[in-house]
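Participant: whatever this is, show me its structure:
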Amino acid sequence: MINRGPLPDPWRPVNITVPVSVANDFDQMQSVIKEVMTQLGCPTCHSGRDLRINIATDFVVNPAGQVQQAVGVSFGG
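Facilitator: Below is the predicted model:
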């Protein structure tokens, strides 16, 4: 028997926030979903998971007045 970890809690949503450039690219969205599901322990399916894809609507402004989407977070590396 394969141990796939704990069963998913279908009542707990998985929130994924992406910039509009990623949301509008089918191939990138497939990669995002596959990576999220891999990190959740099941890279081959998302059955039983409530995936909620949000397009980033938060922005930050630096002291020079430049505006950027707030999802541009560095993961280091």
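Participant: which elements pack onto the helix or strand hosting Ile33?
Facilitator: Assigned by DSSP states H and E, Ile33 falls within helix 26-39. Packed against helix 26-39 by the contact rule (3 or more C-beta pairs under 8 Å, 6 or more residues apart in numbering; DSSP states H and E) you find strand 13-18, helix 20-23, strand 50-55. All C-beta atoms are positioned from the backbone trio N, CA, C, and that covers glycine.
Participant: what are the buried residues along it?
Facilitator: Under the neighbour-count criterion of 16 or more other C-beta atoms under 10 Å, helix 26-39 has 32-33, 36-37 buried.
Participant: one more: stretch 56-71?
Facilitator: Under the neighbour-count criterion of 16+ other C-beta under 10 Å, stretch 56-71 has 56, 69, 71 buried.
Participant: isn't there a helix covering the last one?
Facilitator: No. In this structure, Val71 is coil, not part of a helix, as judged by DSSP: H, G, I helix; E, B strand; the rest coil.
Participant: list the contacts of the nearest residue to it once chain neighbours are set aside.
Facilitator: Ranked by C-beta to C-beta, 6 or more residues apart in numbering and with sequence neighbours excluded, the top spatial neighbour of Val71 is Ala56, at 4.2 Å. By C-beta atoms under 8 Å, 6 or more residues apart in numbering, Ala56 lies in contact with 17-20, 69-71.
Participant: need the contact partners of stretch 24-37.
Facilitator: Around stretch 24-37, the neighbours that count as contacts under C-beta under 8 Å, 6+ apart are 14, 16, 18, 22-23, 43-46, 49, 51, 53.
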